[in-house]
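Engineer: Here you go, sequence then predicted model.
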Amino acid sequence: MGLKINLHITQKCNYRCKYCFAHFADREDLPLESWKHIIDNIKQSGEIDAINFAGGEPVLYRGFHELMEYAYRQGFQLSIISNGSLMMNPILMPHQDFAMLDTLGISVDSVDSKTLVALGACNASQEVLSYDRLATLIRTAREWNPNIRIKLNTVITSLNSGEDLSEIGQSLSIDRWKMLRMKLFSNGVHSNADLVVGDEAFSSFVDRHRDVSRDVVPENDLTRSYIMVDNMGRLLDDEGMDYRVVGSLVDEDFSSVFPRYHFDRETYESRYEVAAG
Ligand code: SF4
């Protein structure tokens, strides 16, 4: 099985989630040509067959449509993880792009707009992704691509651990639902320590949602099992409370950089046992 790589193509985001770890470096995003080079680079390695576009909010990367098309033409299986709030804007992402996606991933942390605002999962006008907007997005994606898989990501924090999101799973027929325990992040500038959730609260959230999707994936710890490239094209090691640069995929071959990352293949593969993707 080939591996999936997560390309965090931009840091730009219209949300300000308090738990967010997309604070890699204060620099501009790489130009499109550099990302195309990185896609060629990982293609040549033969180790990667799937690309997940992440951010920031990936549709805010200038040239996102062209980049996705480039990766699609190279034969990669494509997915995206988005906050969903801008995906219906055809200037940022034409609707036909849904047809290139194997999986549409949307972050949904709460059904309560007050909780979403408290988490920072809203734009500058405190608009959140309402249930209706989420339903419209999923319906549109399925109209353009009847085979698209819908995945939700929920980050469990101290603010939403008591919630019940079952209704979303039942009414929108969610194919896969990742429940991620918030990772403690602290680099001296940013910290999410006040949102840390305990073992028991995390487990009871997962137990409460066992039946919300065909494929529920609890993620207690992603350390070294998530292949992450930051917006400067650098492979990162996520051990500890901050990130360490393993190497640049702009300057070096993926095949030279990847062996320096202590990849936990066993944990990675266990995540894909229930269903591929
Ligand atoms: S939507 Fe995602 S990228 Fe944006 S602030 Fe929230 S967690 Fe970070």
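Structural biologist: Right, received. Where do you want to start? Numbering: from 1, shown residues only.

Engineer: I'd like the next helix or strand past the strand or helix carrying residue 36.
Structural biologist: Assessed by DSSP states H and E, residue 36 sits inside helix 32-45. Next along the chain after helix 32-45, taking DSSP H and E as the criterion, comes strand 48-54.

Engineer: quick one, phi/psi of residue 140?
Structural biologist: phi -60, psi -40 (degrees, to the nearest 10).

Engineer: how about it, what does it touch?
Structural biologist: 88, 95, 98 (C-beta atoms under 8 Å, 6 or more residues apart in numbering). (Glycine included, C-beta is placed from N, CA and C.)

Engineer: For this protein, what lies in contact range of the ligand?
Structural biologist: 13, 15, 16, 17, 20, 22, 55, 56, 57, 83, 107, 121 (C-beta under 6 Å from any ligand atom).

Engineer: let's go with 5 Å and repeat that
Structural biologist: Residues of the chain lying near the ligand by C-beta under 5 Å from any ligand atom: 13, 15, 17, 20, 22, 56, 83.

Engineer: Which of those scores worst on pLDDT?
Structural biologist: pLDDT is lowest at residue 22 among these; the value there is 66.

Engineer: all strands of the stretch 1-150 of the chain, in order?
Structural biologist: 3-8, 48-54, 77-82, 103-107, 149-156 (DSSP state E, counting those that start in this stretch).

Engineer: Including mean neighbour count and mean pLDDT, could these go into TSV?
Structural biologist: Converted to TSV, those look like this (neighbours: other C-beta atoms under 10 Å; pLDDT from 0 to 100):
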stretch	mean neighbour count	mean pLDDT
strand 3-8	21	96
strand 48-54	21	97
strand 77-82	22	98
strand 103-107	21	98
strand 149-156	22	96
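
Engineer: Of these, give the one that comes closest to residue 208.
Structural biologist: Taking C-beta to C-beta, strand 149-156 is the member of these nearest to residue 208, at 10.9 Å.

Engineer: name the helices or strands packed onto whatever helix or strand comes next after that closest one?
Structural biologist: Downstream of strand 149-156, the next assigned helix or strand under DSSP H and E is helix 166-172. Counting contacts by 3 or more C-beta pairs under 8 Å, 6 or more residues apart in numbering; DSSP states H and E, helix 166-172 is packed against helix 131-144, strand 149-156.

Engineer: Can you tell me which residue sits nearest the middle of this structure?
Structural biologist: residue 81 (3.8 Å; C-alpha atoms, centre = their mean).

Engineer: can I assume that residue is in contact with residue 153?
Structural biologist: Yes: Residue 81 lies in contact with residue 153 (C-beta atoms under 8 Å); the separation is 6.2 Å.
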